[in-house]
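> got a sequence here, can you model it:
(chains A and B)
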Amino acid sequence: MKKMYTVSAAFLASSLFLTGCAGFQTGNGNDSSTENEDGKVVLDFWTFWGSEIRRPVIEKIITDFNESQDEIEVQHTYLPWGDIWTKELAAIAAGDPPDVVINDINTTALRGEQNQAMNLAEFLSEDDISGQFYPELWDATLYEGDSYGIPFNTDTRVLFYNKDAFEEAGLDPEQPPTTWAELEEYAAKLDVKNGDDYERIGFYPLWGINYDVWMLNANGHNFINEENDVLIDTETNLETLEWLKGWKDKYGDDVINSYKAQIDSQQGNPFFNGSLGMYVSAPTFYTQIRDYADDLNFGVAKLPEMEPGNGPTSWGGGFVAEIPAGASNPEASYEFIKYLTGAEAQEYWAVQNFDSVANIEAAENAAQSEEFTEDGTMVYSMATEYMSDTLLTPVPVSAPDFMGSVNPKIDEVFLGSKTPKQALEEAQADVESLIEKNTRE
Amino acid sequence: MAKTKSAMRRKETMYGYIFVMPWIIGFLAFTAGPLLFSLFASFTDYNITTQMDFVGAENYQGLFTEDGLFWTSLWNTLYYVLFSVPLTTMGAIFLSALLNQDVPGIRVFRTLYYLPAVLSGVGVYLLWMQLLDPGTGMINLILGWFGIDGPNWLFDPEWTKPSLIFMKLWSVGGAMLLYLASMQGVSKTLYEAAEIDGANTFRQFFHITLPMITPVIFFDVVTSLIGGFQIFQEAYVMSSNGEGGPANSLLFYNLYMWRQAFENFNMGYAMAMSWILFIIVFILTMINLKLAPRWVHYEGGDNR
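Reported below is the predicted structural model:
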């Protein structure tokens, strides 16, 4: 009997302790704890910008904001890439989220649908700032017409080409290829073979970007449209895939693999020493040229179009600033986000990081910046101008992970175990059934 | 006399409970609680933030009947466990037998072979991605010296899983240390007796060393089996886009579960997956425990 008493006392004690914990936790979510001793509202701002280049830039922006007014104090929390979003999710579920978080732009609408990010319609109806940003970026933040995050930065994909190699091959260095046919023709001229080995490869379309960017380039739209129609098994995609497979067969696995490893190693990118004639990458690739191949004579161009008149569509991603659902001071959070995405802070970010920003005015000012070199200005203004032909690919809320069904099928095309037609048919069927499953009931 | 004794025992019992209380509290709050919650959530459409409606066995039914990737990921994981567990166990025993010799400088070798176990995580995977690179990697370079045209390793679906198993062999240091300790614990008198009877080194190894270390082998097999089923990080870092490619060949069970949970926010579905994994591992561990008395030898007791 006594033993029973001891055991139950022990359990009672532990359950008291646990309820104590619970009480403590609910008490933690309210406003009182988010004020500092000066009565300022304290905001917790989560980013993944911890590198020695980016961290000082974002912290300078935060300091400027803190000094610009006396109501709010923003504190920066750095979380590693990859960890930040699972941690944010856990914090939202626990009812104690950060006040502002930097998140992926292409999944913003999904978080709106899942009620993880706060609907910003209320703030925007009073103070509409949507016009400050590139429309394509703004649209990516919308779910059912309301915005769930304010665009921060973005990028696009451009064609870098080696002007000296062009000259050597008898091509006009001021005339980069504008169509796929020209791209092939130029690449063939730029190829330099020594026996079976390549001394220079003209171009390979799948270094730097994936097949899906070429399909976007060819189609001018995403795989899934707003009506949830799946547009994977199409004539254009088939043509694109066959075209890409043709490149792969032309150079062969061994050449492609050994070049790929050099590209992945960054400093060793064959574009730097002239053994690769053309290369597609984000504009920030310029900073690598600057750091590793300062005297390279290069140019930048839009991606070639599939056929004349098809359009040089490119792909971009980016990040938004969001207020997580359940954040305790949304007004203050929004105030800070407005500063963060405003022209002044954005221009500073753009110039310091050589990064494309979402704010149009800031991007255009940065393109004129005297801090850039001549090459830098060339790349940056090209990227800014290209935003009008750059598409984002927001994940469809009906099948966020649909590329996980498409990629393995396309892998098999390049591995030679499926024909392009089979792969596209199967991917189409898989994604259709995925959407059907997710939109049931 | 009897009364004081029982009073003392009661007191001791009470102290005992007080001392284990931190563990009990921790267990209830951080293990049992979440465990029960996840069991419940596996019968709902829980998405972490808003919804949590009861859907019965729908998640389980969906997994078994209409989710091809579930089976792919289960097969990939089984493949990995089936090869990595026996190979790493044998590798660790072999290595510890070598390092159990009494030769000069043996400490240096022990340290060297243990070293990889100290390193872990993403850095090691990135290193291996370089080593395994078909074009410029060290491994294919060395194979080339012997006239062997090395495979495409992480780019060829047939070779991706063998690549990871191969990589796993590199980090047997931890298990090796356990085996080494248990080998050193084997009584010298047994070997002396065997030597007098004329048993050579091989016989000594198979008839004395191996049987004497079976409890450690058993422990190692059970833990690496459980660990093998939980493989995630390797595939997350080393497969293309972290998606389990090429062609889903590295889509392991936990990676697919993670995608369902944190990319699709199908948390209920992912919870159902985790319980299925739990049941699989539980059954396999039970089989192991049942089989253990047949081959595990405990000194100083009849299998207990």
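> skipping its backbone neighbours, what lies nearest the residue of chain B found nearest chain A in space?
Using CB to the nearest CB, residue B:135 is the residue of chain B that sits closest to chain A, at 2.8 Å. For every residue, glycine as well, the C-beta is placed using N, CA and C. The shortest distance from residue B:135 to any non-neighbouring residue, by CB to CB, 6 or more residues apart in numbering or on different chains, is to residue A:258 (2.8 Å).
> try residue A:331
Using CB to CB, 6+ apart, the nearest residue to residue A:331 is residue A:123, at 7.8 Å.
> count the neighbours of the one you found for me.
Applying other CB atoms under 10 Å in any protein chain shown, we find 21 residues neighbouring residue A:123.
> I figured it was touching residue A:333, is that so?
No: under the criterion of CB atoms under 8 Å, residue A:123 makes no contact with residue A:333, lying 9.5 Å away.
> coming back round to it: roughly how far apart are the residue nearest to residue A:331 and chain B?
21 Å (CB to the nearest CB, to the nearest Å).
> coming back round to it: and the residue nearest to residue B:135, that one's in a helix?
Yes: with DSSP: H, G, I helix; E, B strand; the rest coil as the criterion, residue A:258 is located in a helix.
> that one: neighbouring residues, count only.
17.
> and for the one 3 residues further on?
The tally of other residues near residue A:261 (other CB under 10 Å) stands at 17.
> for chain B, see how far away it is.
When CB to the nearest CB is applied, the distance between residue A:261 and chain B equals 4 Å.
> so which bits of the stretch 51-200 of chain B are right by chain A?
Proximity of the stretch 51-200 of chain B to chain A is assessed by CB under 8 Å from any CB of the partner chain, with B:62, B:66, B:69, B:130, B:133-137, B:152, B:155-157 identified as the residues in range.
> what residues are up against residue B:154?
Counting by CB atoms under 8 Å, 6 or more residues apart in numbering or on different chains, residue B:154 makes contact with B:129, B:132, B:160, B:163, B:238, B:239.
> please identify which of the residues you listed is nearest to residue B:107.
Of all the contacts of residue B:154, residue B:107 sits closest to residue B:132, with 31.3 Å by CB to CB.
> spit out the contact partners of that closest one.
If a contact means CB under 8 Å, 6+ apart, then residue B:132 has B:139, B:153, B:154, B:163, B:167 as its contacts.
> ditto for residue A:186
Residues counted as contacts of residue A:186 (CB under 8 Å, 6+ apart) are A:166, A:169, A:171, A:177, A:202, A:203, A:277, A:278.
> which of the residues you listed fall in strands?
residue A:278 (DSSP state E).
> now the buried members of the contacts of residue A:186.
A:166, A:169, A:171, A:177, A:202, A:203, A:277, A:278 (16 or more other CB atoms under 10 Å in any protein chain shown).
> tell me which of the residues you listed is nearest to residue A:220?
The nearest member of those to residue A:220, counting by CB to CB, is residue A:177 at 18.8 Å.
> sketch out the low-pLDDT regions of the stretch 201-304 of chain B for me.
Scanning the stretch 201-304 of chain B for pLDDT under 70 picks out the ranges B:300-304.
> can you pull out the strands in it?
Listed from the start of the chain, the stretch 201-304 of chain B has no strands (DSSP state E, counting those that start in this stretch) to report.
> sorry, back to before: greatest separation within the residues of the stretch 51-200 of chain B next to chain A: which pair is it?
B:62 and B:136 (43.6 Å).
> export stretch A:128-137 as PDB, just CAs?
Once non-C-alpha atoms are left out, stretch A:128-137 reads as follows in PDB (Å, rounded to 0.1, in the frame of the first residue of the first chain):
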ATOM      1  CA  ASP A 128      -0.300  48.900 -51.100                       C
ATOM      2  CA  ILE A 129       3.400  48.400 -51.800                       C
ATOM      3  CA  SER A 130       2.900  45.700 -54.500                       C
ATOM      4  CA  GLY A 131       3.900  48.000 -57.300                       C
ATOM      5  CA  GLN A 132       7.400  48.300 -56.000                       C
ATOM      6  CA  PHE A 133       8.300  44.700 -57.000                       C
ATOM      7  CA  TYR A 134       8.700  42.800 -60.200                       C
ATOM      8  CA  PRO A 135       5.200  41.500 -61.000                       C
ATOM      9  CA  GLU A 136       6.400  37.900 -61.500                       C
ATOM     10  CA  LEU A 137       7.900  37.900 -58.000                       C
END
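> quick check: mean pLDDT across that stretch?
When the per-residue pLDDT values of stretch A:128-137 are averaged, the result is 95.
> residue contacts, the residue nearest to residue A:331?
A:330, A:331, A:334.
> buried ones in whichever helix or strand it is part of?
Element membership of residue A:123 [criterion: DSSP states H and E] is helix A:121-126. Buried positions in helix A:121-126, judged by neighbour count with 16+ other CB under 10 Å: residue A:123.
> isn't residue A:280 right next to residue A:160, touching?
Yes: here residue A:280 lies in contact with residue A:160, judged by CB under 8 Å, at a distance of 7.4 Å.
> okay, and residue A:136 sits in which element?
If you go by DSSP H and E, residue A:136 is part of helix A:135-140.
> downstream neighbour of that helix in the secondary structure list?
Tracing the chain C-terminally past helix A:135-140 and defining elements by DSSP H and E, one meets strand A:142-143 next.
> what lines up beside that next one in the sheet?
Here the strand partners of strand A:142-143, with direction, are listed using DSSP bridges: strand A:146-147 (antiparallel).
> pull the residues that contact the strand it pairs with.
By CB under 8 Å, 6+ apart, the list of residues contacting strand A:146-147 from outside reads A:112, A:119, A:120, A:121, A:124, A:130, A:138, A:141.
> the following helix or strand past it pairs with which strands, parallel or anti?
If you walk from strand A:146-147 toward the C-terminus, the next helix or strand you reach (DSSP H and E) is strand A:150-154. Strand A:150-154 has these partner strands in its sheet, going by DSSP bridges: strand A:318-322 (antiparallel), strand A:356-357 (antiparallel).
> thinking again about what came up before, other SSEs contacting the helix holding residue A:136?
Helix A:135-140 is packed against strand A:150-154, with contacts defined by 3 or more CB pairs under 8 Å, 6 or more residues apart in numbering or on different chains; DSSP states H and E.
> where does the closest residue in space to residue A:170 that isn't next to it in sequence land on pLDDT?
Using CB to CB, 6+ apart and skipping the chain neighbours, the partner closest in space to residue A:170 is residue A:189 (6.7 Å). At residue A:189, the pLDDT value in this model is 96.
> start and end of stretch A:193-213, how far apart?
For stretch A:193-213, the first and last residues are 29 Å from each other (CA to CA, to the nearest Å).
> quick one: contacts of it?
Outside of stretch A:193-213, the residues within contact range by CB under 8 Å, 6+ apart are A:157, A:165, A:183, A:186-192, A:214, A:223, A:240-241, A:244, A:247-248, A:251, A:255-256, A:259-260, A:263, A:270, A:274-281, A:285, A:303, A:314-315, A:393, A:403, A:406, A:410.
> please work out the average pLDDT along stretch B:20-40.
For stretch B:20-40, the mean per-residue pLDDT is 94.
> could you do stretch B:180-191 as well?
92.
> which residues does it contact?
Under the criterion CB under 8 Å, 6+ apart, external residues in contact with stretch B:180-191 comprise B:96, B:97, B:99, B:100, B:110, B:204, B:208, B:209, B:212, B:213, B:215, B:216.
> restricted to helices, list those residues.
When the contacts of stretch B:180-191 are checked against helices (DSSP state H), the matches are B:96, B:97, B:99, B:110, B:204, B:212, B:215, B:216.
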